[in-house]
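Peer 1: build me a structure from this.
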Amino acid sequence: MLTPDPTPPARRTGVEPHTRRDVPHRLAPVPAPPQAPYDKRKLSYAGTFENPWKRGTIRAMEWATGKLPLLHMVRRFERIGPAEGQAFWAQALSIMGIALETPEDQIARIPREGPVVLVANHPHGLVDGMVLAELIGRVRRDYKILTRSLLTGVREVERFMIPVPFQHEIDAKEQGLEMRRRAMGHLQDGGLVALFPSGVVAASERWFGPAVEAAWNPFTANLIQRSGATVLPVHFPGQNSRAYQVANRLSATLRQGLLIHEVVAACNRPQAPVIGAPIGPDEIRGMGLGGRDLVARLREITMELGATHG
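Peer 2: I've put the predicted structure just below:
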């Protein structure tokens, strides 16, 4: 029980009345401030570089080649009110003018339950991951996408993302180990993990040649064989612009500086990725392959989808 305060009110000093312990709390809770607009500084691929010259070059290229129209789309998104969770993808793709034309019978090939490793080629960049998220979410919601995209810090969809570090980041090794741990844990829980095993956007090997899907990382084989997951191959048609292909031949910095340009270039164009037949664990074991040989075979299967449905 509290004892009366003998000090007369007129002689009180120092502590204000609302801080006294014997005064009941009657203040209404302070409402949370409204969500701030998207910070345009985050809308950049420059932040992962330590070299100030590289950061400056990438930012300048982004502003010159695509950041303004992308920011206009972000502001429109904010005015509408970003949807939470799975609904985010359909809303974002609608604002970007990207219609999905994958047939329903192919979407039905996505297993509704159980551990699945979805492997896909990577011709465009950010848009590939967004399209996969929308397609997978039409069948199941327990999925994670391994991605280096600008969306890994977006609150509305962060539950669906596992960040993949760029090789040039200082703590890339530590981030990579955490990424692998989370991916394997999600598969062990019976979820779906979608990834781009090449780890890079497809680029031409010659100045004016076609874009080529890079060799796939054997980490994918380890993920598949340790988890006993079903494999689902998905093929994206198309490639990035010729400017991107030329930039890739000149410099990794210039290539990085055009990634936002490629996001804008993909707007108002339909996407029709081809979803192949699931490959069960028994079939994977029957291949008698592991490591680089297994992912090389899965890469062949994935790229053949483009040839048979092109």
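Peer 1: CA atoms for contacts and neighbours, from now on please.
Peer 2: OK.
Peer 1: spell out the secondary structure type for Ile145.
Peer 2: Applying DSSP: H, G, I helix; E, B strand; the rest coil to Ile145 yields a three-state assignment of strand.
Peer 1: surely it meets Phe160?
Peer 2: Yes. Between Ile145 and Phe160 a contact is recorded at 6.2 Å, counting by CA atoms under 8 Å.
Peer 1: higher neighbour count, the two?
Peer 2: Ile145 (24 against 19; other CA atoms under 10 Å).
Peer 1: spit out the contact partners of that one.
Peer 2: The contact partners of Ile145, by CA atoms under 8 Å, 6 or more residues apart in numbering, come to Gly129, Ala133, Phe160, Met161, Ile162, Val193, Ala194, Leu195.
Peer 1: OK, contacts around Pro82?
Peer 2: Residues in contact with Pro82 (CA under 8 Å, 6+ apart) are Phe88, Gln91, Glu156.
Peer 1: now do Leu259
Peer 2: Contacts here follow CA under 8 Å, 6+ apart; on that basis Leu259 touches Tyr45, Glu62, Gly125, Tyr244.
Peer 1: what sits against the first one?
Peer 2: Tyr45 is in contact with Ile58, Arg59, Leu150, Gln256, Gly257, Leu259, counting by CA under 8 Å, 6+ apart.
Peer 1: so how far is His235 from it?
Peer 2: With the distance defined as CA to CA, to the nearest Å, Tyr45 ends up 25 Å from His235.
Peer 1: which SS state does the closest residue to Ile95 other than its chain neighbours fall under?
Peer 2: Using CA to CA, 6 or more residues apart in numbering and skipping the chain neighbours, the partner closest in space to Ile95 is Met73 (6.8 Å). Using three-state DSSP, the secondary structure recorded for Met73 is helix.
Peer 1: could you measure from Met73 over to Arg269?
Peer 2: When Met73 is compared with Arg269 (using CA to CA), they lie 15 Å apart.
Peer 1: higher neighbour count, these two?
Peer 2: It is Met73, of Met73 and Arg269, that has more neighbours when counted by other CA under 10 Å, with 16 against 12.
Peer 1: how near is that one to Asp293?
Peer 2: 42 Å.
Peer 1: before we move on, what about Ser94?
Peer 2: Distance of Ser94 to Asp293, given as CA to CA: 39 Å.
Peer 1: same question, Val131
Peer 2: Where Asp293 is concerned, Val131 sits at a distance of 28 Å (CA to CA).
Peer 1: what about those two, which has more around it?
Peer 2: Counting neighbours by other CA under 10 Å for Val131 and for Asp293 shows that Val131 has the greater number, 21 against 15.
Peer 1: chain center to stretch 78-97: distance?
Peer 2: Averaged C-alpha coordinates place stretch 78-97 at 15 Å from its chain's average position (CA atoms, centre = their mean, to the nearest Å).
Peer 1: center of this structure, which residue is that?
Peer 2: Thr147 (4.0 Å; CA atoms, centre = their mean).
Peer 1: make sure that residue is actually in contact with Ser198.
Peer 2: No. The pair Thr147 and Ser198 does not pass the contact test of CA under 8 Å, sitting 11.5 Å apart.
Peer 1: can you count the residues close to Gly209?
Peer 2: Taking other CA under 10 Å as the neighbour definition, Gly209 ends up with a count of 12.
Peer 1: in three-state terms, label it for me.
Peer 2: coil.
Peer 1: for Ala307, phi and psi?
Peer 2: Here the main-chain torsion angles of Ala307 (degrees, to the nearest 10) amount to phi -70, psi -40.
Peer 1: gap between it and Val295?
Peer 2: With distances taken as CA to CA, Ala307 is found 19 Å from Val295.
Peer 1: more neighbours, those two?
Peer 2: Summary of the neighbour comparison: Ala307 and Val295, criterion other CA under 10 Å, with Val295 having more neighbours (24 against 10).
Peer 1: host element of that one?
Peer 2: According to DSSP states H and E, Val295 maps onto helix 291-309.
Peer 1: what's in contact with that helix?
Peer 2: When contacts are defined by CA under 8 Å, 6+ apart, helix 291-309 is touched by residues 119-121, 215-222, 233-237, 274-276, 287.
Peer 1: try it again at 6 Å.
Peer 2: Trp216, Pro218, Ala221, Pro233, His235 (CA atoms under 6 Å, 6 or more residues apart in numbering).
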